[in-house]
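K.L.:
let me see the structure of the following:
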Amino acid sequence: MARRGSGGGTIVIKRIEEGGRAHHGGAWKVAYADFVTAMMAFFLLMWLLNATTEEQRRGLADYFNPSAALASSTSGSGLPFGGRTPHSAGEMAADTGAIRVERGPRPTNIEEEDDSDRPAEPVARLDGPQGDQEVLARRVADGDSGPGAGQRSSGGGEAETFVESPREREARRIAAEREQQSLEGMVDALRETFLADPVLAELARQVLVEIAPEGLRIQLLEADGQPMFASGGAAPTERARVMIRTVAQAAARLPNAIQVTGHTDSAPFRGGARSNWDLSAERANATRRLLAEGGVGDERIRGVTGMADRDLLLPAQPQAVGNRRVAITLLRQEVLR
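P.N.:
Okay, the predicted model is just below:
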């Protein structure tokens, strides 16, 4: 409000009307939000420290500090740079890969020399039955060598431990090689014998010869329309007689013991109370008699067995004709020990 004074000057009058206080604005909200964010970050950090492992925390630290990757790696001592710094005492030479000799506890000397004249006191001992290892160790120490390596059953049924000398071991090896050569020679002789005669060459298709772990096995098989025994019986046919006689002449040249085994197919036997067990055993015994007629001494027969259909030659075809056979096995000397 302006007025003109008496002296001709202008007088200005300013009136201020007091009312409600002015608003302070939203600056406090920003500060509060920063505080809450800081608290949330703090609790999140505390949770991460509790939920992570030492390796994970080291990885996070390496991620945020890539410039010090070499210094953050650890060595065998568990500290960066092998635990050495330029301020470490001693010569500045790397020794982290050198071999260090450390003094350990003094070992106990069991057999110390005793200069005293006092005799040694006897140690109490409990006598008991000797075990197999004790007997074996004693016989080795005494230089007592048995006829072979391992254990043999004595007359009383107890196992007798023995040790084989190097000379006997070498003798057994040479004997085994000679026996192997003899069996292989018999295979060649049988092949030549069957192929030299036209009649035997036709029968050779029913002969299966193989060298097995137990010895030389010669199997005489039946074929379709060419049986070796009468149907359901143990009477050998003429073909079977010729084949068994030829095998007997070759086996008579060797001293090996002989095992005869009869086999049938899985077809049930038709004939009252008899079974495939009876039929296979009877055919094996008939083969034994033919071997004796061919020149094989009865003392060489180790056993005559009937296996029925328990050892099929063709398991996928249990009723095949080839399952009906007779096996003549020349046993190795090692098998009989």
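K.L.:
what's the burial count for residue 267?
P.N.:
Look at residue 267: counted by other CB atoms under 10 Å, it has 12 neighbours. Where you see a C-beta, it was placed from the backbone N, CA and C, and this is true even at glycine.
K.L.:
is it true that it touches residue 319?
P.N.:
Yes - between residue 267 and residue 319 a contact is recorded at 5.1 Å, counting by CB atoms under 8 Å.
K.L.:
strands of the stretch 151-300 of the chain, residue ranges please.
P.N.:
Under the criterion DSSP state E, counting those that start in this stretch, the stretch 151-300 of the chain carries strands at the ranges 159-162, 207-212, 215-221, 258-263.
K.L.:
partner strands of the longest one and their direction?
P.N.:
Taking DSSP bridges as the criterion, strand 215-221 sits next to strand 207-212 (antiparallel), strand 325-331 (antiparallel) in its sheet.
K.L.:
which of those strands is buried the deepest?
P.N.:
strand 325-331 (a mean of 23; mean count of other CB atoms under 10 Å).
K.L.:
residues in contact with that strand?
P.N.:
For strand 325-331, the surrounding residues in contact (CB atoms under 8 Å, 6 or more residues apart in numbering) are 183, 186, 208, 212, 214-222, 228, 244, 247, 251, 254, 256-263, 283-284, 287, 291, 302, 313.
K.L.:
which of the residues you listed are buried?
P.N.:
Neighbour-count burial (16 or more other CB atoms under 10 Å) applied to these gives 183, 186, 215-222, 228, 244, 247, 251, 254, 256-263, 283-284, 287, 291, 302, 313.
K.L.:
quick one on the thing from earlier: weakest of the strands of the stretch 151-300 of the chain by average pLDDT?
P.N.:
Among the strands of the stretch 151-300 of the chain, strand 159-162 carries the lowest mean pLDDT, a mean of 58.
K.L.:
contacting residues for the residue lying closest to residue 199 once chain neighbours are set aside?
P.N.:
Ranked by CB to CB, 6 or more residues apart in numbering and with sequence neighbours excluded, the top spatial neighbour of residue 199 is residue 242, at 7.2 Å. For residue 242, the contact set (CB under 8 Å, 6+ apart) comprises 199, 200, 203.
K.L.:
can you flag which of those belong to helices?
P.N.:
199, 200, 203 (DSSP state H).
K.L.:
most surrounded residue in those?
P.N.:
Within the ones in helices among the contacts of residue 242, most neighbours by other CB under 10 Å means residue 203, with 19 neighbours.
K.L.:
my read: that one touches residue 243, true?
P.N.:
Yes - applying CB under 8 Å as the test, residue 203 and residue 243 come out as touching, 5.5 Å apart.
K.L.:
what's residue 57 sitting at in phi/psi?
P.N.:
Residue 57 adopts backbone torsions of phi -70, psi -40, taken as degrees, to the nearest 10.
K.L.:
so which strand or helix has the nearest residue to it once chain neighbours are set aside?
P.N.:
Nearest residue to residue 57, sequence neighbours excluded (CB to CB, 6+ apart): residue 49, at 7.3 Å. Element membership of residue 49, judged by DSSP states H and E, is helix 27-51.
K.L.:
can you list the buried residues in that helix?
P.N.:
By 16+ other CB under 10 Å, helix 27-51 has no buried positions at all.
K.L.:
so for it, what's the average pLDDT?
P.N.:
Averaging pLDDT along helix 27-51 yields 89.
K.L.:
now do stretch 291-299
P.N.:
Averaging pLDDT along stretch 291-299 gives 93.
K.L.:
with stretch 241-254 instead?
P.N.:
Confidence over stretch 241-254 (mean pLDDT, whole number) is 91.
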